[in-house]
Structure formats: C-alpha cells, structure tokens
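Student: With the input below, show me the fold.
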Amino acid sequence: MNANKDHFWLSRLDYFFVLRPMLFFPGWSTMMAGYFIQSRTIWFPSFQLQINHIHLLSLLVGFAMVMGSSFVLNQLKDIESDKKNKKLFIISDGILSTKAVWLEVIILTFLSFLIAFTIKLEVGILFVLFFIVTGLFYNFPPAKMKDRPWGSLLANGLMGWLAFSIGWAANNQISTQLIIDSLPYLCFNTALYLFTTLPDREGDKISGKKTLAVLFDIKNIRYLAFVFYLMGFLVSIWSFDRQALVFYILSLPLFVKTLIGKEIEDTIRATKYGILFFAVSICLRWPAYFVMMVTGFLGTKWYFIRRFNFDYPNFSGK
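Tutor: Numbering: from 1, shown residues only. A predicted model of the protein is given here:
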C-alpha cells in the first residue's frame, strides 16, 4: 500500500519535472544578471541596491513558467530524436500524454504573462517575445528555427538576451545601455549553446536534423565557441563588469581544455561548470540563490533516482 502511495505522488511530480526545472537556473541566472547589473560591486548588492524580494520572486516564478512552457513545446516537437538520443523520456516514452502537457503549456503561459504584465508593461512585452521566439518560432513552422543551423544559433542567442533584458527592464527604463550591458552574457551563453549541440550530433544526423554540429566539424564548433567566449571576456574587461568577470575567469581553464582536448566530455564539463560559475556570480549578489540551487539540484536528483533509478543531474562528462 505504501509503495503504491509513494508511486502515486512521485508520478504527480512528472508534471513539474517535465518542465526541466534544472534548466530554469541558467535562465534565472541570466535574468538576475540583468536585474542586479546596475550595482557594479560583486558582493551583496542589497547594501547598495534595495532588493524588493516580492518583486524579484514574482519575476522568478513568472519566468520559470514561460521557460517551462517553451521547454515542453520543444520536447513535443522532438519526440523522435529524443527517443534516438535516449533522453527527455517523460514525454518521448509516453509517461505523460501529449494532451496533458499541451494543457499544461496553455495554463502556464497564461499565468506567466499575467504575472509579467502585473510587474511592468515592458517586462510583459519581453515575456511575450521570449515565448514567441523560444516556444513558437524555435519549434514550429514556418520559422522552425531549431531545424535551421543558423536559425537555432540565433534563437538561442535571443533566448539568453531576452532573459537578461527581462531582469534589466524590471529595474531600468529601456535604453541603448541595455545592448552594451548584455554583450558579455550574450557571448557566454552562445558559447555554451554551441557546446550543447555536440553530444546529440549522432542522433540528430540519424533524425535528419541540420544542426551546426551536424554540418560542421566538431573541432570547428569548439573554436567558434571559444571565439564567443573570448569576445565576451574582452567586453567584460572593457566595461569593467565584475559580475561577468567572475564566471569568465573561473571558466577559462575549461574553455582552454576544450581546445586542446579531443573528447566530447570536455565540452559537456565546460557547459555544466560554466552554468555553475555563472550561477555563483549571482549567489555573490543574492545569497538566497545558493539555497535555491542546492534545493533544486538535490530535489531533482532525488526525484529521478526514486522515480526512474536515473542519475540526473550530475557534474560528470555525460
């Protein structure tokens, strides 16, 4: 009886974990980088910048909803390739029905827009643009950017830029300064995105997907990622963005290793630790974020082990 009861409650959690909550953290980190950037100190901006925690938490919840909706739409369109790559099995293996997750997308998207427009008109508009780019244009025709090599790169670059812009707009009036402030984050996230195309290369080739990793040599993708990394690093130094310099400096050995190493695992580690170091820079600004990260990591690991006997997330090169 107890085993059946535990299974029942674990299976209800499928509706939350299908949203890929570990991917909320890169989005949240980028959004909060924009939110905190007006305070140029590294340490605890609450001493210089009065944090309205209700305001910030509303942003985090609303943005998690719109990110989750976009991630589910991506899984719905990638069922066949996810089966071949043996990942994201909650939808691709039929654990949740497509009808149920479509309903979930509609509800979460509506609630996310409601929260965003309540916060600020500009924030609401940016939420809508984020969903259009990452949920609709990325996955569906006629744009279907995920199946176009350069379109996919553009969509993922815009995803990071819009995330940063949402946080930035929440605390500032829109101006050209947004473009300058966002460049280090745009470059870093784009470099990490390029790395993420490499592990799925073989499965994408079988599925007929034309990603940059399929079209180009693995070595060239690594070089291109390093170019974006280097550009962002130089802009961070030029603009004296100490918040960005934290994760650029910490990630340097990992990016160098991707150039001299030959293993895909090197790029996977660079991606995982790059995301972690980015998050560390935010924890220095808002220590409560560290608690959120640890809770999210341990909670997700517990769920996947108990539900599927599957070790995720982890920091290995797999």
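Student: If we ignore the residues flanking it in sequence, what's nearest residue 118?
Tutor: Distance criterion CB to CB, 6 or more residues apart in numbering; nearest residue to residue 118, sequence neighbours excluded, is residue 58 at 7.5 Å. (Each C-beta comes from the backbone N, C-alpha and C, glycine too.)
Student: correct me, but the one you found touches residue 112?
Tutor: No - here residue 58 lies out of contact with residue 112, judged by CB atoms under 8 Å, at a distance of 10.7 Å.
Student: Which one of the two is surrounded by more residues?
Tutor: Using other CB atoms under 10 Å as the criterion, residue 58 and residue 112 rank with residue 112 on top: 24 against 17.
Student: what stretches of the stretch 51-200 of the chain score poorly on pLDDT?
Tutor: Applying pLDDT under 70 to the stretch 51-200 of the chain flags the ranges 79-88.
Student: For residue 262, grab phi and psi.
Tutor: phi -120, psi 0 (degrees, to the nearest 10).
Student: And residue 172, by the same measure?
Tutor: According to degrees, to the nearest 10, the main-chain angles of residue 172 amount to phi -140, psi 160.
Student: Quick check: it touching residue 36?
Tutor: No - applying CB under 8 Å as the test, residue 172 and residue 36 come out as separate, 11.4 Å apart.
Student: Now do the strands in the stretch 151-300 of the chain.
Tutor: Remark: strands of the stretch 151-300 of the chain are absent; assignment by DSSP state E, counting those that start in this stretch.
Student: hmm, back to that, and the helix or strand containing the residue nearest to residue 118, which residues are buried?
Tutor: Using DSSP states H and E, residue 58 falls within helix 53-77. Going by neighbour count (16 or more other CB atoms under 10 Å), the buried part of helix 53-77 is 56, 58-60, 62-77.
Student: ditto for stretch 253-266
Tutor: Neighbour-count burial for stretch 253-266 [16+ other CB under 10 Å]: 254-255, 258, 264, 266.
Student: Can I get the residues you listed in CSV including pLDDT and distance to residue 28?
Tutor: Formatted as CSV, the buried residues of stretch 253-266 follow (pLDDT from 0 to 100; distance: CB to CB, whole Å):
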residue, pLDDT, distance to residue 28
254, 94, 21
255, 94, 23
258, 91, 25
264, 85, 27
266, 88, 26
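Student: which pair in the residues you listed spans the largest distance?
Tutor: Maximum pairwise distance among these (CB to CB): 14.9 Å, between 255 and 264.
Student: so where do the helices sit in the stretch 101-250 of the chain?
Tutor: 121-131, 149-171, 177-196, 201-207, 212-215, 218-239, 242-260 (DSSP state H, counting those that start in this stretch).
Student: Kindly reformat these as CSV containing distance to residue 292.
Tutor: Written out in CSV, the entries for those read as follows (distance: least, CB to CB, whole Å):
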stretch, distance to residue 292
helix 121-131, 20
helix 149-171, 15
helix 177-196, 19
helix 201-207, 32
helix 212-215, 32
helix 218-239, 25
helix 242-260, 17
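Student: Among those helices, which comes closest to residue 288?
Tutor: helix 149-171 (15.5 Å).
Student: quick one: the closest one to helix 121-131, angle?
Tutor: Interaxial angle of helix 149-171 relative to helix 121-131 (axes from the mean of the first three to the mean of the last three CA atoms, to 10 degrees): 160 degrees.
Student: What residues sit buried inside helix 149-171?
Tutor: 149, 151-171.
Student: Repeat that for stretch 229-239.
Tutor: By neighbour count on 16+ other CB under 10 Å, the buried set for stretch 229-239 is 229, 231-233, 235-236.
Student: Next: stretch 177-186.
Tutor: 178, 181-186.
Student: and what of stretch 10-18?
Tutor: Those buried within stretch 10-18 under the rule 16+ other CB under 10 Å are 14, 17-18.
Student: Out of these, name the ones that lie in helices.
Tutor: 14, 17 (DSSP state H).
Student: now residue 67, nearest residue through space, not along the chain?
Tutor: residue 27 (5.0 Å).
Student: Look up how far residue 169 lies from the residue nearest to residue 118.
Tutor: Going from residue 58 to residue 169 by CB to CB, to the nearest Å gives 14 Å.
Student: hmm, back to that, want to throw the buried residues of stretch 10-18 into JSON lines with pLDDT?
Tutor: JSON lines is the format used below for the buried residues of stretch 10-18 (pLDDT from 0 to 100):
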{"residue": "14", "pLDDT": "87"}
{"residue": "17", "pLDDT": "87"}
{"residue": "18", "pLDDT": "90"}
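Student: Since that was my last question, I'll sign off now.
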